[in-house]
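Novice: Sharing a model that was predicted from the sequence below.
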Amino acid sequence: MTKYILEIIYLIASTTFILGLKMLGNPASARKGNLIAAFGMVIAIFGTIFLYTDASGNHLKNLPLIFGGLMLGTVVGWIAAKRVQMTAMPEMVSLFNGMGGACAMLISVIEFQHLTDASHNDFYNAVVNSATLIPKGELTTILIGMIIGSVSFAGSIIAYGKLSGKVKDKSFNAQQFINIGLMLVIIVLAVLAVVNVDANMFYAVLALSLVYGILFVLPIGGADMPVVISLLNSFTGVAAACGGFLYDNKVMLVGGILVGSAGTLLTMVMCKAMNRSLLNVLIGNFGGAKGEAATSSSFQGSTKEITASDAAILMKYAKKVVIVPGYGLAVAQAQHVVHELEELLEKEGVEVKYAIHPVAGRMPGHMNVLLAESNVSYDKLVEMEEINPEFNTTDVVLVVGANDVVNPAAKTDPNSPIYGMPILEVENATNVIVNKRSMKAGYAGIENELFFKPKTSMLFGDAKKALTQLVSEIKSLG
């Protein structure tokens, strides 16, 4: 009877995952969708703990350890979520995703030991653990889950280090060929490990997979981190699905498939938004080495600076203002001030919208999450395809901390590393105000032609301080 109740619980949990994922597609329902999916996970976990029985009718053992792990993970996760700053959200996502990959990797290691250790099975004792009697399908699933989980774990940790500034972009000659060769070696050893049930080969595959995960992410530049995070997230989902297949656990299988497919689709969408193939992202080293070749530009010109007082006059008497948020907005923690600016302008009768580029920030949806934290209305967040035609009728564009996603070189310079990437066409507006701390190049390491356009004025300074001053100047105008 308990078996059927558990199956019903798994069905309900799987349904909440699907429903929650669907609701995450809309900012207005995303929070509720997250809670619904979390509820499904909770009932699935406790249903497994109290209702699961094996083929012999035995319930789960080591309950104190299980509940200890649950409590520890809950406390750590709760504290991390409460304390994390919005600027650190991308690296936290990478770190937590890496933990999921590590979990899948450890499950594979433990199940390999169970499968090959004669002490766990009297039948294997009798035949001295004959390799010919170990189920190859199960061993193959274990290896696939272990390889993907290891790559996801190691890659996510490197991504975390790069996003937090602890790890620099590093590449060396023929690295792409070394990575391809390493991947082929892993595949060959994995096949041999299945055929011969060789523990040494299994652990060699484990070690090489961890090395591959490091080399896989190490040369990829920060400008491509949103794509890499999404891809690694899909890896973790696939690895979790392997665990669900291994344990014949429906809810684990469904959850893994949903995460894997959603991550893959998001990766493809972002690559399309950048007008680049996934292969180009992974081997192109875009945003990697920022030497002379990367920072050089054939564009020559001069910039003009604007004061907060003059910017305030432009914006106060405009009919339409579009704000373009970027990573600099998150760094300065200026999301609340920019919302105050928006509300102040609207009181003056100005139409205000936010232009959101798909890869702005350091993770998918970074700007959406950042602005939602300051209670910016969801209908004011306009995607690139919809907002670009509106720049021709926009009086003032305020670019806050964004760089590469507004660089006209993506359309005009075939030699630029971002050439072909769709951008926010802010240069079509009547006036462009760019808030930056300095003229330093963006994460792609190239000069931004927008800064030298006749319509563009530079408002230098920390985003929070500059916007606060801008708000004060607008208020002083009465």
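Specialist: Okay, I see it.
Novice: C-terminal to the least confident helix or strand in the chain by mean pLDDT, what's the next element?
Specialist: The helix or strand of the chain with the poorest confidence is helix 292-295; it has a mean of 41 (mean pLDDT, DSSP states H and E). As assigned by DSSP states H and E, the chain's next helix or strand after helix 292-295 is helix 308-316.
Novice: which strands and helices sit next to that following helix?
Specialist: In terms of contacts (3 or more C-beta pairs under 8 Å, 6 or more residues apart in numbering; DSSP states H and E), helix 308-316 is packed against strand 396-400, strand 431-436, strand 456-460, helix 463-476. C-betas here are computed from N, CA, C, even on glycine.
Novice: average pLDDT across that helix?
Specialist: Averaging pLDDT along helix 308-316 yields 94.
Novice: Identify each buried residue in that helix, please.
Specialist: A308, A311, A312, L314, M315, K316 (16 or more other C-beta atoms under 10 Å).
Novice: same deal with stretch 1-12?
Specialist: Applying a neighbour-count criterion of 16+ other C-beta under 10 Å, the buried positions in stretch 1-12 are L6, I9, Y10, I12.
Novice: Ok, stretch 50-63 next?
Specialist: By neighbour count on 16+ other C-beta under 10 Å, the buried set for stretch 50-63 is L51.
Novice: can you tell me how far L329 sits from A463?
Specialist: L329 sits 5 Å away from A463, going by C-beta to C-beta, to the nearest Å.
Novice: Tell me which of those two has more neighbours.
Specialist: More crowded of L329 and A463, by other C-beta atoms under 10 Å: L329, with 30 against 25.
Novice: tell me which strands and helices the helix or strand the more buried one falls within is in contact with?
Specialist: If you go by DSSP H and E, L329 is part of helix 327-331. Contacts defined by 3+ C-beta pairs under 8 Å, 6+ apart place helix 327-331 against helix 366-373, helix 463-476.
Novice: Adding mean pLDDT and distance to G98, write those helices out as CSV.
Specialist: Formatted as CSV, those follow (pLDDT from 0 to 100; distance: least, C-beta to C-beta, whole Å):
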stretch, mean pLDDT, distance to G98
helix 366-373, 84, 18
helix 463-476, 93, 30
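Novice: Give me whichever of those is most buried.
Specialist: helix 366-373 (a mean of 22; mean count of other C-beta atoms under 10 Å).
Novice: following that one, which helix or strand shows up next?
Specialist: strand 381-383.
Novice: Next up, the contacts around the nearest residue to I142 once chain neighbours are set aside.
Specialist: Nearest residue to I142, sequence neighbours excluded (C-beta to C-beta, 6 or more residues apart in numbering): S108, at 4.8 Å. S108 sits next to I142, L143, G145, M146, G149, C242, G243 when contact means C-beta atoms under 8 Å, 6 or more residues apart in numbering.
Novice: and the nearest residue to L63 once chain neighbours are set aside, how many residues sit next to it?
Specialist: Ranked by C-beta to C-beta, 6+ apart and with sequence neighbours excluded, the top spatial neighbour of L63 is I49, at 7.1 Å. Using other C-beta under 10 Å, I49 has 14 other residues around it.
Novice: shouldn't I49 be in contact with I66?
Specialist: Yes: when contacts are counted by C-beta atoms under 8 Å, I49 is listed as touching I66 (6.3 Å).
Novice: list residues touching both of those two?
Specialist: Joint contacts of I49 and I66 (C-beta under 8 Å, 6+ apart) are L60.
Novice: Quick one: the helices in the stretch 201-350 of the chain, in order.
Specialist: All helices of the stretch 201-350 of the chain, identified by DSSP state H, counting those that start in this stretch, fall at 225-247, 250-273, 278-283, 292-295, 308-316, 327-331, 335-347.
Novice: Which one of those helices lies nearest to A190?
Specialist: helix 225-247 (13.1 Å; C-beta to C-beta).
Novice: That closest one to helix 366-373, inter-axis angle?
Specialist: 90 degrees (axes from the mean of the first three to the mean of the last three C-alpha atoms, to 10 degrees).
Novice: Which positions within the host helix or strand of Q113 qualify as buried?
Specialist: Counting by DSSP H and E, the element that carries Q113 is helix 89-116. Neighbour counts over helix 89-116 (16+ other C-beta under 10 Å) mark 89-105, 107-109, 111-112, 115-116 as buried.
Novice: follow-up on the earlier one: minimum distance to K170: which of the helices and strands packed on helix 308-316 has it?
Specialist: Closest approach to K170 among those is made by strand 431-436 (27.0 Å; C-beta to C-beta).
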